[in-house]
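**Student:** turn this into a model:
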Amino acid sequence: MTGGNTGIGRATVTGLAERDGRVFVASRSRAKGEAAVAEIRASTGNQAVFFLPLDLADLDSVRACAAAFLARGEPLHGLVNNAGVAGRRGLTRQGFELMFGVNHLGHFALTDALLGCLADSAPSRVVTVSSDAHYSAPGIDFSALRRPARGITGLPEYAVSKLANVLFSAELGRRTAGTGVTTYALHPGVVASDIWRRVPWPVRPLITRRMLSVTEGARTSLYCATSDAPEVAAASGQFYDRCAPRAASGVATPELARVLWERSQAWIAA
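**Tutor:** Residues are numbered from 1 along each chain as shown. Just a heads-up that it's a prediction; the model follows:
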C-alpha cells in the first residue's frame with residue numbers, strides 16, 4: 001500500500017488489517033510511516049502491519065522499496081497504488097513533472113518491479129487510485145511531462161496524471177490476461193485528504209468543501225482489493241466508482257495506453 005500512512009491509504013490499510021490482512025505500508029517519511037503502523041496495530045489488534053520506505057518521486061527509491069519487499073520472500077496478493085500528490089509544482093529526481101512522476105511513473109515502476117511476484121502469487125490484484133478528474137484531461141502532451149506544472153492549482157497536470165492511472169490499469173489488464181493477476185483503477189470519491197495540502201490556502205477550502213471522509217473514500221479501494229464477487233474478477237482493467245464499473249474517459253483508448261506504457265518502460269529503464 002503506497003501512501004498508507006495517511007488519508008485514504010491509511011483508512012484502506014486499517015480496513016485490510018481489520019480483515020486480518022498482512023499489510024506493508026510504503027511511504028516517504030519513516031517517522032510518519034512507523035507511527036501509522038504502530039497506531040494501526042494498536043487499533044486493529046493485527047500485528048502483521050509493517051513499514052517500507054518509498055519515495056515515488058525518485059525511481060531509485062522505488063527500486064529499493066521493491067527490492068526490500070522481494071528480499072523477504074513473501075507472496076504478494078495485492079498491490080494498492082494509492083499515494084498521490086496534487087497542487088504541487090516541481091520535478092521528480094529524474095526530471096518529470098511532479099504529479100505525473102509520483103502519481104503515475106513511480107507507481108508504474110513499482111508495479112513493474114513487483115509484477116513477477118504478483119504473478120507467482122496469483123490470484124492477485126493491482127488496485128490504482130485514480131480520480132474522475134481524468135475526464136477533464138484532453139489527452140497527454142508528452143512534451144509537457146518534463147516541465148513543472150503551470151498555473152496556481154496544477155489541476156490540468158493532475159488530471160493528466162489521473163488519466164495516466166486509468167490508461168496504465170487498462171493496459172496492465174490486457175497484458176496480464178490469463179495470468180491470475182487482475183487490475184483496477186478507481187475514483188475514490190471527492191475526498192478531503194492530505195493530497196490537497198499543497199494547494200494554496202485561498203484555493204484549498206474551495207476545493208475541499210463538501211468532500212467525503214477518508215473512510216468513505218477507502219470503500220472502493222477495499223472493494224476492488226478484496227471483493228470475491230465473480231464480476232470483479234472478470235472486470236480486470238476497468239475503471240470503478242462507488243464499488244461498480246464506470247465507463248472511463250473517451251480519450252482513454254487502447255492506442256494511447258500502449259504508447260504511454262511503452263514510453264513509461266523506456267523512462268524507468270533509462
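
**Student:** identify each buried residue in the helix or strand containing Glu39, please.
**Tutor:** Element membership of Glu39 [criterion: DSSP states H and E] is helix 30-44. Neighbour-count burial for helix 30-44 flags Gly33, Glu34, Ala36, Val37, Ile40, Thr44 (criterion: 16 or more other Cβ atoms under 10 Å). C-beta here means a position set from N, CA and C on the backbone, and glycine is covered the same way.

**Student:** now stretch 250-266
**Tutor:** Ala252, Leu256, Ala257, Leu260, Trp261, Ser264.

**Student:** for stretch 66-82, same thing?
**Tutor:** Result for stretch 66-82 [16+ other Cβ under 10 Å]: buried residues Ala66, Phe69, Leu76, His77, Gly78, Leu79, Val80, Asn81, Asn82.

**Student:** wait, is the second one part of a strand?
**Tutor:** So that's Phe69. No - counting by DSSP: H, G, I helix; E, B strand; the rest coil, Phe69 is not part of a strand but helix.

**Student:** any idea how far it is from His187?
**Tutor:** Phe69 is 27 Å from His187, where distance means Cβ to Cβ, to the nearest Å.

**Student:** low pLDDT regions in the stretch 51-200 of the chain?
**Tutor:** Residues of the stretch 51-200 of the chain meeting the criterion pLDDT under 70: 190-200.

**Student:** and if we set it to 90?
**Tutor:** Scanning the stretch 51-200 of the chain for pLDDT under 90 picks out 87-88, 150-153, 189-200.

**Student:** what's the helix or strand for Glu216?
**Tutor:** Going by DSSP H and E, Glu216 is in helix 214-217.

**Student:** name the helix or strand for Gly237, please.
**Tutor:** Gly237 belongs to no helix or strand when assigned by DSSP H and E.

**Student:** ugh, wrong one, I meant Ile268
**Tutor:** Counting by DSSP H and E, the element that carries Ile268 is helix 254-269.

**Student:** then that helix to PDB, C-alphas only?
**Tutor:** Below are the C-alpha coordinates for helix 254-269, written out as PDB (Å, rounded to 0.1, in the frame of the first residue of the first chain):
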ATOM      1  CA  PRO A 254      -6.000   1.300 -26.100                       C
ATOM      2  CA  GLU A 255      -3.800   3.100 -28.500                       C
ATOM      3  CA  LEU A 256      -2.900   5.900 -26.000                       C
ATOM      4  CA  ALA A 257      -2.500   3.300 -23.300                       C
ATOM      5  CA  ARG A 258       0.000   1.300 -25.400                       C
ATOM      6  CA  VAL A 259       2.000   4.500 -26.200                       C
ATOM      7  CA  LEU A 260       2.100   5.500 -22.500                       C
ATOM      8  CA  TRP A 261       3.200   2.000 -21.400                       C
ATOM      9  CA  GLU A 262       6.000   1.800 -24.000                       C
ATOM     10  CA  ARG A 263       7.300   5.300 -23.100                       C
ATOM     11  CA  SER A 264       7.000   4.500 -19.300                       C
ATOM     12  CA  GLN A 265       9.000   1.400 -19.800                       C
ATOM     13  CA  ALA A 266      11.700   3.400 -21.600                       C
ATOM     14  CA  TRP A 267      11.700   6.000 -18.900                       C
ATOM     15  CA  ILE A 268      12.100   3.600 -16.000                       C
ATOM     16  CA  ALA A 269      14.900   1.800 -17.800                       C
END
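
**Student:** avg pLDDT for it?
**Tutor:** Mean pLDDT, computed over helix 254-269, is 98.

**Student:** who touches it?
**Tutor:** Judged by Cβ atoms under 8 Å, 6 or more residues apart in numbering, the contacts made with helix 254-269 from elsewhere in the structure are 59, 94, 96, 104-105, 108-109, 112, 139-140, 142, 164, 167-168, 170-171, 174-175.
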